[in-house]
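[1] Sequence first, then the predicted structure:
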Amino acid sequence: MEVEERKDLEYSRIKSLNQLDLDYKRLQEEFRNLVELAASIAGTRISLINLIDNHTQWTVASNSTELFQVDKEESVCYRTIRGDSYLEISRLDEDERFRDKPYVKGKDGLTYYLGIPLKIEGGANIGALCVVDREEKRISEEKKELLKLIAREIMEKLAAKRKINSLQVKLSKEAVKRNQLAHDIRGPLAGIQGIAELAELECNDENQREYLSMINSAASGLMNLTEDILNKYKNELAEKQFSLSKLRDRLIDLYEPTAIRKKIKLMVLHNKAQDSVKFPRKKLLPIIGNIIANSIKFTDEGGEVKVNLDVIETNQSSRLFIQVTDNGRGISPEKLRKMESLESEDSMGTNGELGYGLGLRLVREMVAELNGNFDIQSIEKEGTKVRIEIPLL
């Protein structure tokens, strides 16, 4: 396969995954029953759902409580998603591709592996359902077909999440209108209710008092309805929003294990004075995550990756500010020019990881979709600085 075609396919694959806008550490409960069923059918000790982005294999669900990450190139599942059918390896410890991997060595090392690609609508494989064991096994074709059904169920759930995300964008606009309408009628209703209560107290005519009581009761009911609408809107909004500290904690949770594995110091700092500001979480994790992962990949052992988060407010606008700085290898002017013109080329991370600059290309597109600004500055052998600003509505 030609290099450019391979790049295009890989870009299409990681773009399909990023469009799902998933929080990899929040999927365990949603898929727990399916991975437990897979392990039961296969008769293996371990069953996992692994999603593979531009840099990392993320275990997002397991029949145990352990969720972990490995570099994409180190994973067996990365081999699985390059094919259209399942990949079965009876003895990982005898396979020259994997026998020296840390997860194969030792008394708890893995021996058996069966992986089934997770194919999203459109044909891209974004990950794999895999069952593994510390002993050599044989799984019948009938059971493999059942595991394929579970893999399809996983993909149907993920496809549904994508559709829900799309609908939520539309519904959020309607929710804003609904919220504004509730606010607009709340004031007049309070006035009507107050006048009706006062008039009812001062009225001596029993029939008129009954009418006023009915008016007061109707106004009170509508006030309760507007309160319900506003409270529901606030709860819905809170679930889909980040604060700077919440975003900081989530980034540390996701990317600190990779940094520790490479012996790199990851610092995520935020402006505490702006922590009361809430903003949509849409696409923030894949945008920032791709930049952090890229910095970690191209920073040598003992280096640093620093993330700064802030909200910049002016009279005209409010913007989320993100800056990721590393003291890694940096990018030559020629390579940077090619990245900025989307002429990505092969490169190797500090541990030999493959990279095509596809993550930066993807980030540019996602930031543009949010009407934001993207800037990258780099000096070869000194490091790279990426600055992103996204308008907050």
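    Good, I have the coordinates.

[2] And the helices in this protein, which stretches?
    For the chain, applying DSSP state H gives helices covering 3-19, 28-42, 77-80, 141-202, 206-239, 244-261, 284-297, 333-340, 358-369.

[3] can you list the residues that contact the second one?
    Helix 28-42 is touched from outside by 45-49, 60-63, 65, 67, 114, 129, 131, 137, 139, 143, 146-147, 150, 153-154, 157, with contacts defined as Cβ atoms under 8 Å, 6 or more residues apart in numbering. Just so you know, the C-beta spots here come from the backbone N, C-alpha and C atoms, and that holds for glycine as well.

[4] Buried ones in that helix, by neighbour count?
    28, 31, 34, 35, 37, 38, 39, 41, 42 (16 or more other Cβ atoms under 10 Å).

[5] residues near residue 324, how many?
    When neighbours are defined as other Cβ atoms under 10 Å, residue 324 has 23 of them.

[6] just residue 333 next, same as before
    By the measure other Cβ under 10 Å, the count of residues near residue 333 is 10.

[7] Would you mind listing the residues in contact with it?
    With contacts defined as Cβ under 8 Å, 6+ apart, residue 333 is in contact with residue 380.

[8] Tell me the bridge partners for residue 309.
    residue 270, residue 322 (DSSP bridges).

[9] Equivalent analysis for residue 127, please.
    On the basis of DSSP bridges, residue 127 is bridged to residue 51, residue 118.

[10] quick revisit: of the contacts of helix 28-42, grab the buried ones for ChimeraX.
    This is how ChimeraX selects the buried members of the contacts of helix 28-42, with burial counted by 16+ other Cβ under 10 Å:
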select :45,46,47,48,49,60,61,62,63,67,114,129,131,137,139,143,146,147,150,154
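
[11] Quick check: residue 43 vs residue 88, distance?
    The spacing between residue 43 and residue 88, counted by Cβ to Cβ, to the nearest Å, is 14 Å.

[12] Pick out whichever of those two has more residues nearby.
    Neighbours were counted for residue 43 and for residue 88 using other Cβ under 10 Å; residue 88 has more, 16 against 12.

[13] The more buried one: what's it in contact with?
    Applying Cβ under 8 Å, 6+ apart, we find residue 88 in contact with 113, 114, 115, 139.

[14] give me that answer again for 10 Å
    Shown in contact with residue 88 (Cβ atoms under 10 Å, 6 or more residues apart in numbering): 80, 112, 113, 114, 115, 116, 131, 137, 138, 139, 144.

[15] Domain-wise, how is this structure divided?
    3-139, 168-239, 242-391 (automatic domain parsing).

[16] To residue 162, which of these lies closest?
    Residue 162 lies closest to domain 3-139 among those, at 5.4 Å (Cβ to Cβ).

[17] Could you identify the most distant pair in the contacts of residue 88?
    Within the contacts of residue 88, two members stand farthest from each other by Cβ to Cβ: 80 and 138, at 18.7 Å.

[18] Which one's more surrounded, the two?
    residue 80 (26 against 9).

[19] The more buried one touches residue 131, doesn't it?
    No: counting by Cβ atoms under 10 Å, residue 80 stays clear of residue 131, with 11.8 Å between them.

[20] tell me, what's touching these two both at once?
    Joint contacts of residue 80 and residue 131 (Cβ under 10 Å, 6+ apart) are 88, 113, 114, 115, 116.

[21] Can you flag which of these belong to strands?
    88, 113, 114, 115, 116 (DSSP state E).

[22] Against residue 147, how distant is the first one?
    Put plainly, it is residue 88. Residue 88 is 11 Å from residue 147, by Cβ to Cβ.

[23] any shared contact partners between those two?
    114, 115, 116, 131, 139.

[24] Out of those, the closest to residue 294 would be?
    Here the nearest of the shared contacts of residue 88 and residue 147 to residue 294, counting by Cβ to Cβ, is residue 115; it sits at 26.2 Å.

[25] how about that closest one, what does it touch?
    Residues near residue 115 by Cβ under 10 Å, 6+ apart: 48, 50, 75-81, 83, 86-89, 127-132, 147, 151.

[26] Got a quick ChimeraX command for the buried subset of those residues?
    Those of those that count as buried under 16+ other Cβ under 10 Å are selected in ChimeraX with:
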select :48,50,75,76,77,78,79,80,81,86,87,88,89,127,128,129,130,131,132,147,151
